[in-house]
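Visitor: Fold the stuff below for me.
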Amino acid sequence: MLSNFIKLSSNRFLTQGLVGSRQFNKYLSTEVNKNEAPKTTETQAPPEPAQDEQEDKLFSKLEIELRAHDPAVMKSYSEFATLTANHLGIEIGNCFSLKKPEKARLTLLRSVHVHKKHRVQYEVRTYFRYLTFHKLTGSTLDTFLEYIERNLPEGIALKATKTEIKRLPEYLTVK
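Guide: Coordinates of the predicted model:
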């Protein structure tokens, strides 16, 4: 019974982004007697938060830029991110990669002191991939970003740009 309650309350608070907060920990507190099994102090479902407490933010778009030196790893990771978005019910927009990588070349002398004509060139290629997701809530966006950032493989850089939807101020509304 206790594990079911913890599961239900943690799922509820996970969707609201409150896991680890005081409000969540309050519902997990237990009384322990030496002769008895643990009992919960709260047996009811936690009350709904008031509307004035916290409204969930809305985001029209999330743009993710991936940079890597290995295009195969980056492609695999982008497929993982889109699959995760599908499971969370996030609308997937445009996903594409640039055809040519960005190349940075460095030319050095082969020998430090002599033979200026003999040089060595080093080249670093950076591949880019862009992913776009539409119509997200704040809690879904936070959960999604945290999950894909935790599973980010070595050698890939991630840059996320959020576009938030806000209400017009009252002085700009048409009467």
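
Visitor: alpha carbons only for contacts and neighbour counts from here, please
Guide: Will do.

Visitor: Make sure Tyr77 is indeed in a strand.
Guide: No. With DSSP: H, G, I helix; E, B strand; the rest coil as the criterion, Tyr77 is located in helix rather than a strand.

Visitor: Could you give the number of residues near it?
Guide: As a burial measure, Tyr77 scores 18 neighbours (other Cα atoms under 10 Å).

Visitor: list the contacts for it?
Guide: Contacts for Tyr77 (Cα atoms under 8 Å, 6 or more residues apart in numbering) come out as Leu152, Pro153.

Visitor: do you know how far it is from Lys162?
Guide: From Tyr77 over to Lys162 the distance is 20 Å, taken as Cα to Cα, to the nearest Å.

Visitor: same deal with Leu172?
Guide: Counting by Cα to Cα, the gap from Leu172 to Lys162 is 24 Å.

Visitor: Neighbour count for these two, which is higher?
Guide: Neighbours per residue, other Cα under 10 Å: of Leu172 and Lys162, the larger number sits with Lys162, 14 against 7.

Visitor: and the more buried one, helix, strand or coil?
Guide: State at Lys162, reduced to three classes by three-state DSSP: strand.

Visitor: Let me see the mean pLDDT of the biggest strand by length in the chain.
Guide: Assignment by DSSP state E gives strand 119-137 as the longest strand of the chain. On average, the pLDDT along strand 119-137 is 96.

Visitor: any chance you could map the strands in this protein?
Guide: Using DSSP E, the strands of the chain run over residues 30-31, 39-40, 58-68, 91-97, 102-109, 119-137, 156-165.

Visitor: Would you check that Ser97 makes contact with Tyr130?
Guide: Yes. Using Cα atoms under 8 Å, Ser97 is in contact with Tyr130, at 6.0 Å.

Visitor: Just to check, Ser60 is in contact with Glu164?
Guide: Yes. Contact criterion Cα under 8 Å: Ser60 and Glu164 qualify, at 6.0 Å.
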